[in-house]
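*Asks:* with the input below, show me the fold.
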Amino acid sequence: MPADTSFSMIDFSDPETRYLIDYANLKQGLIKHQNDFLNKNEFKNFLKKDYLGCPLVLPLGIKFFDYKNSKHIFKISKNKVKKFIFASKSNNYVGLKIFFKYGEKFCSDAKLKKEYLKDFNTIINFNKKLKLLIKRNNAKFKTTSFQTRNIPHLGHELILQKLMKPYNKLFINPLIGIKKSGDVKNHILSKVFNYLKNLKIYKSKMIYAPVICNMNYAGPREALHHTYIRELLGFKEFTIGRDHAGAENNYPPLKAMKFVKKNQKRFKINIFYHNGAYYCEKCKKIVIKGDCIHKKLISISGTDFRHRLSKNILFSYARKSLQKYIMSLKTDLFNL
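*Replies:* Numbers count the residues shown, from 1 in each chain. This next block holds a predicted model:
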């Protein structure tokens, strides 16, 4: 996908931008089960039916919207969201804090202010170009998509290589909407994967093509939410991993995969499931869990990798040339 800087006017550092992005996604038809911000009764339905995915709601006071003629204002219970949306026991879970950042009152009938219509259309057009790119490739190749918000270590790279084998085109398709503190900055992800795709092993097979959508950190629900988005974008396959869309160890390993498998009849897109990559002490190499019979598997810690990157210290289980390239950028890698 050619470099597209048309969205540079969008302020990804402003947390309120989340709702402009959500609104554009809803109106573009990228969100299954809703085409506008939910009202009170619709939201209650999402609480009861986990297969609907992540509920998108609009808090009061967001600068992009005009609320003066709004009649549908309602309150949402923090305890119910904590239990039924995030399956968390903590009031401090990052997904919950993002959800209630602007209070507990929400609105379903506010209008987008005219002065933000250009920004709205910028998001629409960026994602429209992505859909057209996927459609063009589907006419010639089989396509698969990989969601990421991390700089890849060798475990991630093994998964990428597995995805490429039966397919002609692998789309690195991160969500580049509003993300939490500590996630890799969008422009760093772009540089990293554009570096990788020029290596011989990936050349002509990999396309870096992000979508402007938000992360919610809702674990299993969001894994299904992501699946719906990739199906609506037009991909033929999507991949679900060990802790998909989770954070802060809020979800048990494999819970997202089990949840998506349970709801497989609700989508047509093919899913490539994997149990994560490890270093096998017997095989002396990186393996996908389940691909070898040995039990002495060393977990590859993404947290450790991020810590070392922030300190410019090489990590044993990541491509050395990639790490040196990242260090040469001499810039902050992660959102504050």
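*Asks:* elements contacting the host helix or strand of residue 156?
*Replies:* If you go by DSSP states H and E, residue 156 is part of helix 154-164. If you count contacts as 3 or more CB pairs under 8 Å, 6 or more residues apart in numbering; DSSP states H and E, helix 154-164 packs onto strand 143-146, strand 169-172, strand 237-240, strand 277-280, strand 285-288. For glycine as for every other residue, the C-beta is placed from the backbone atoms N, C-alpha and C.
*Asks:* mind listing what's buried in the last one?
*Replies:* Just to be clear, that refers to strand 285-288. For strand 285-288, the neighbour count (16 or more other CB atoms under 10 Å) marks 286, 287 as buried.
*Asks:* tell me the pLDDT of the nearest residue to residue 202 once chain neighbours are set aside.
*Replies:* Counting by CB to CB, 6 or more residues apart in numbering, residue 196 is the residue found nearest to residue 202 once chain neighbours are left out, at 5.6 Å. In this model, residue 196 is scored at 97, pLDDT.
*Asks:* what's the distance between residue 196 and residue 298?
*Replies:* Taking CB to CB, to the nearest Å as the measure, residue 196 falls 23 Å from residue 298.
*Asks:* comparing those two, which residue is more hemmed in?
*Replies:* residue 196 (22 against 12; other CB atoms under 10 Å).
*Asks:* first-to-last residue distance for stretch 148-167?
*Replies:* Stretch 148-167 has an end-to-end distance of 19 Å (CA to CA, to the nearest Å).
*Asks:* for it, what is the distance to the chain centroid?
*Replies:* 15 Å (CA atoms, centre = their mean, to the nearest Å).
*Asks:* CSV for the helices and strands packed on helix 154-164, including mean pLDDT and distance to residue 131?
*Replies:* CSV is the format used below for these (pLDDT from 0 to 100; distance: least, CB to CB, whole Å):
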stretch, mean pLDDT, distance to residue 131
strand 143-146, 96, 12
strand 169-172, 96, 12
strand 237-240, 96, 15
strand 277-280, 94, 30
strand 285-288, 94, 30
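*Asks:* adding distance to residue 66, write those out as JSON lines.
*Replies:* Formatted as JSON lines, these follow (distance: least, CB to CB, whole Å):
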{"stretch": "strand 143-146", "distance to residue 66": "36"}
{"stretch": "strand 169-172", "distance to residue 66": "37"}
{"stretch": "strand 237-240", "distance to residue 66": "36"}
{"stretch": "strand 277-280", "distance to residue 66": "48"}
{"stretch": "strand 285-288", "distance to residue 66": "50"}
